[in-house]
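Participant: pasting the structure only:
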């Protein structure tokens, strides 16, 4: 991946939208500019998990402002990630199209554990180097991430569906804070945290760290009121709980250190943090300013320096699912050559296409560990549903689609393939798999040329080679019929 001197990350959280621009110098990032809008996206979800129009318009206005700031930056130098509300909203697909148009850049919806990985990456770069294990807790607007890691490497990651916006709406409607409501909120959060507590309880880590808005707001309040010397403490939270219940309503909160924009969601964030302290045995917590957007920037920096987490994940999946690396290598070499040929007749972004195809090939046979029959369907299911660090949900969906299309009827993917470039990846994968069906070394034709023609593709092969390989010739004849049944062409010409 090409390196850039200026990069930007956009975090579309359930409470706030944030933009961070940074200058790249060697392996370091130096902040240049930052923007924040308190959009409260999660507050726009109704009981049916549909995002209302008013909230969508508020979000789109923010994205247009961000888009103006990002104007002129190359597409590859900007990465935009969307979190929990985008994950759960039933009309997320429609809103995503509007959001991308407003911002002017593609948006990745990241899974909960991928969000956790990126948060840890951002947090770890703001802390002193240490071999000790750290627990990082990030309370967002719609979800809370729990990560244990050492250095820059996360080891345990979870994402729970509870956040400061959703809990404030659920337990403190109209901003009313009562002792009973606070007790119910904390007990509900504790019951959620109990599901993961065995791996996150004190003793599994040496330092607790809080990131993002809720943690920073709580620390600022505790410090301003003298309830904690630094960061967040259990005793400080007890004092704040009493103050919140005494005030009775978020609009009337008059607490030193509390910012007005944080008041409406403070009670929900507090309940989750207090529950985490109680359930995980936390006594004190350090709070940092870095979080998801910094993690996105450092992840981009890794891609520039060929430390792409997606490549690591693909190789890990190969080992986990016992993929034959020799067979995958054969298919990749042929597929890469065919993709390069197609670039002469199609406007492929060749470097990106080759990189993505490499991951497709590494993963196309992972379903064989389940069953040989229909293995491509098993492969697609795994890729669509597994936690795959580094990959966005959109990338996982595309991986699954291409792998599903590697064999059998093309009708099953006809309505899901979005662009001619996807069809290019599909034809290349199907042909490479077809040629190496024997799973052995093969003397390929001296003349072998693939090009895009009209509504399809043309493959030119040495006629003598075809005559000496009748099994492959028959398979190619069947392949041309498969393409014809979906209204596309694959023409095989004997040259």
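Facilitator: Received, thanks. No experiment lies behind these values; they were computed from the predicted model shown.
Participant: Mind listing what's buried along stretch 216-231?
Facilitator: 216-223, 225, 227-228, 231 (16 or more other Cβ atoms under 10 Å). Where you see a C-beta, it was placed from the backbone N, CA and C, and this is true even at glycine.
Participant: Same check on stretch 60-72?
Facilitator: Using 16+ other Cβ under 10 Å as the burial criterion, the residues of stretch 60-72 that qualify are 60, 62-63, 65-67, 70.
Participant: try stretch 90-102
Facilitator: With burial defined by 16+ other Cβ under 10 Å, the residues of stretch 90-102 counted as buried are 92, 95-96, 99, 102.
Participant: Pick out whichever of those sits closest to residue 138.
Facilitator: Within those, the smallest distance to residue 138 is 21.3 Å, found for residue 92 (Cβ to Cβ).
Participant: Can you tell me the closest non-neighbouring residue to the closest one?
Facilitator: residue 86 (5.1 Å; Cβ to Cβ, 6 or more residues apart in numbering).
Participant: What is the burial count for the one you found?
Facilitator: By other Cβ atoms under 10 Å, 24 other residues sit near residue 86.
Participant: Can you tell me which of the buried residues of stretch 90-102 is nearest residue 463?
Facilitator: residue 96 (48.8 Å).
Participant: A helix includes that closest one, no?
Facilitator: Yes: counting by DSSP: H, G, I helix; E, B strand; the rest coil, residue 96 is found in a helix.
Participant: Filter the buried residues of stretch 216-231 down to just the ones in helices.
Facilitator: Among these, the residues falling in helices (DSSP state H) are 216-223.
Participant: Nearest to residue 128, out of the residues you listed: which one, please.
Facilitator: Among those, residue 219 lies closest to residue 128 (Cβ to Cβ), at 18.3 Å.
Participant: Tell me how far residue 299 lies from residue 432.
Facilitator: Taking Cβ to Cβ, to the nearest Å as the measure, residue 299 falls 30 Å from residue 432.
Participant: can you tell me which residues contact the closest residue to residue 334 other than its chain neighbours?
Facilitator: Of all residues not flanking residue 334 in the chain, residue 432 sits nearest, at 4.4 Å (Cβ to Cβ, 6+ apart). Shown in contact with residue 432 (Cβ atoms under 8 Å, 6 or more residues apart in numbering): 331-332, 334-335, 338, 361.
Participant: which of these tops the neighbour count?
Facilitator: Within the contacts of residue 432, residue 361 tops the neighbour count with 28 neighbours, counted by other Cβ under 10 Å.
Participant: I'd like the next helix or strand past the helix or strand encompassing it.
Facilitator: Per DSSP states H and E, residue 361 falls inside helix 350-363. On the C-terminal side of helix 350-363, the nearest following helix or strand under DSSP H and E is helix 375-385.
Participant: That next one: how far from the chain's middle?
Facilitator: Distance of helix 375-385 from its chain centroid, counting by Cα atoms, centre = their mean, to the nearest Å, is 18 Å.
Participant: Check which residues of that helix are buried.
Facilitator: 375-384.
Participant: can you give me the angle the helix or strand bottoming out on mean pLDDT in the chain makes with helix 350-363?
Facilitator: Least confident element among the helices and strands of the chain, by mean pLDDT, DSSP states H and E: helix 292-304 (a mean of 88). Orientation check (axes from the mean of the first three to the mean of the last three Cα atoms, to 10 degrees): helix 292-304 against helix 350-363 gives 90 degrees.
Participant: Touching helix 292-304 from outside, list them.
Facilitator: Contacts for helix 292-304 (Cβ under 8 Å, 6+ apart): 1-4, 7-11, 13, 18-20, 22, 24, 27, 29, 77, 79, 81, 83, 115, 117-123, 125-126, 138, 212, 308-309, 390.
Participant: residue nearest the centroid of this protein?
Facilitator: By Cα atoms, centre = their mean, the chain has its centre lying nearest to residue 110, at 2.5 Å.
Participant: Pull the contacting residues for that residue.
Facilitator: With contact set as Cβ under 8 Å, 6+ apart, residue 110 has these partners: 81-83, 118, 392-393.
Participant: where are the low-confidence patches of the chain?
Facilitator: Within the chain, the segments meeting pLDDT under 70 span 1-2, 305-306.
Participant: domain ranges for it?
Facilitator: Domain segmentation of the chain under automatic domain parsing yields 6-110+294-302, 127-289, 308-442.
Participant: Serialize those to a markdown table and add fields for distance to residue 469.
Facilitator: Converted to a markdown table, the domains of the chain look like this (distance: least, Cβ to Cβ, whole Å):
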| stretch | distance to residue 469 |
| --- | --- |
| domain 6-110+294-302 | 41 |
| domain 127-289 | 48 |
| domain 308-442 | 9 |
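Participant: Quick check: which of those domains is nearest to residue 471?
Facilitator: Among those, the nearest to residue 471 by Cβ to Cβ is domain 308-442 (8.2 Å).
Participant: so how far is the closest one off the chain centroid?
Facilitator: Relative to the mean C-alpha coordinate of its chain, domain 308-442 is positioned 19 Å out (Cα atoms, centre = their mean).
Participant: Would you work out how far apart the start and end of it are?
Facilitator: End-to-end distance of domain 308-442 (Cα to Cα, to the nearest Å): 32 Å.
Participant: one step back: helices and strands around the helix holding residue 361, which ones?
Facilitator: In terms of contacts (3 or more Cβ pairs under 8 Å, 6 or more residues apart in numbering; DSSP states H and E), helix 350-363 is packed against helix 309-320, helix 325-342, helix 393-404, helix 420-435.
Participant: Mind listing what's buried along the last one?
Facilitator: Residues of helix 420-435 classed as buried by neighbour count (16+ other Cβ under 10 Å): 421-435.
Participant: Burial check on residue 259, number of neighbours?
Facilitator: 13.
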